[in-house]
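[1] sequence first, then the predicted structure:
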Amino acid sequence: MDIKFIRMPVKENLINLKKTFINSSCLLIAVSKTKPVSILKEAYEAGIRDFGENKVQELVEKQFQMPKDIRWHMIGHLQRNKVKYIAPFVYMIHAVDSLRLLQEIDKQAEKNGRIISCLLQIHIAMEDTKFGFNEEELEFLLSSEEIHQLKHIEISGLMGMATFTENEKQIRSEFSMLKALFEKLRKRDLPDNFNLKELSMGMSGDYLIAQEEGSTMVRIGTAIFGERN
């Protein structure tokens, strides 16, 4: 059965959305998952160059059909056996949650003569359904010999997803915790393949809180493209 979308004026939505930004330098990633290419092209024509997808097959298909100056962000949980399909072109992989995944990205990046930017996903939500490193696992990664051997990745920052709740105090606390960890890591002596500059947190429902807490990039879909019908 075909999914029907409510048609929204994408350009107008983007203008109104940008007006609400607390930090104008925060990168807007248009989350285009499940949306047809025709609507992505509207966002492109309105100036968007960063698009986020959470399914590898959909990402590959859209990359083939869209202009080549787009920066594609893989924002969903990524299986190791699918890295090879996006390694030739992906701009950034947001949800890296294991050393084994980093090793596979490094392997595929080397095959394509690239260095791929990655964000380490940190588990900050009070939900078991979210992925990501806890602090103990992060410490193990940082102290491992294996991390130093990865020459075709750059750890560009951290990402995290807050609990799905209307409790703004809890959301703020989780984002604040991630920001504190980010700053703590930046003061440390890290492996050469770390260049921490990005903090990816915030979506359509909580991007303003995320910006207040220091996000450098937000992932927004509904506020740009509308809800699915």
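    Sure, I can see it.

[2] report pLDDT for F164.
    pLDDT recorded at F164 is 88.

[3] now do the SS call for it.
    coil (DSSP: H, G, I helix; E, B strand; the rest coil).

[4] now the residue minimising distance to the centre of the chain, what's its secondary structure?
    Nearest residue to the geometric centre of the chain (C-alpha atoms, centre = their mean): H94, 3.7 Å. Recorded secondary structure, H94: strand (three-state DSSP).

[5] any idea how far it is from D192?
    22 Å (C-beta to C-beta, to the nearest Å). For glycine as for every other residue, the C-beta is placed from the backbone atoms N, C-alpha and C.

[6] and the helix or strand containing Q211, what does it pack against?
    Element membership for Q211 (DSSP states H and E) is helix 207-212. Where contact means 3 or more C-beta pairs under 8 Å, 6 or more residues apart in numbering; DSSP states H and E, helix 207-212 is packed against helix 168-186, strand 217-220.

[7] starting at the chain centroid, how far to the last one?
    Centre-to-centre, strand 217-220 and its host chain are 7 Å apart (C-alpha atoms, centre = their mean, to the nearest Å).

[8] and the helix or strand just after that strand, average pLDDT?
    Counting by DSSP H and E, the next helix or strand C-terminal to strand 217-220 is helix 222-225. For helix 222-225, mean pLDDT is 92.

[9] and helix 222-225, what's buried?
    A223, I224, F225 (16 or more other C-beta atoms under 10 Å).

[10] closest one of those residues to T163?
    A223 (19.5 Å; C-beta to C-beta).

[11] I'd guessed that closest one sits against S204; true?
    Yes: between A223 and S204 there is a contact at 4.4 Å, judged by C-beta atoms under 8 Å.

[12] would I105 count as being in a helix?
    Yes: looking at I105 with three-state DSSP, it is inside a helix.

[13] let me know the pLDDT of the residue nearest to D192 when sequence neighbours are not counted.
    Leaving aside its chain neighbours, D192 sits nearest to H148 (7.2 Å; criterion: C-beta to C-beta, 6 or more residues apart in numbering). H148 is assigned 96 on the pLDDT scale.

[14] circling back to that earlier point, would you agree the residue nearest to the centre of the chain is in contact with L199?
    No: contact between H94 and L199 fails when scored by C-beta under 8 Å: they sit 11.3 Å apart.

[15] shared neighbours of the two, anything?
    Shared contacts of H94 and L199 (C-beta atoms under 8 Å, 6 or more residues apart in numbering): M159.

[16] which parts of the protein are helices?
    10-20, 37-45, 56-65, 83-86, 99-111, 135-143, 168-186, 207-212, 222-225 (DSSP state H).

[17] contacts for the last one?
    When you say that, I think you mean helix 222-225. Counting by C-beta under 8 Å, 6+ apart, 5, 8, 10, 13-14, 17, 30-32, 35, 39, 43, 204, 207 sit against helix 222-225.
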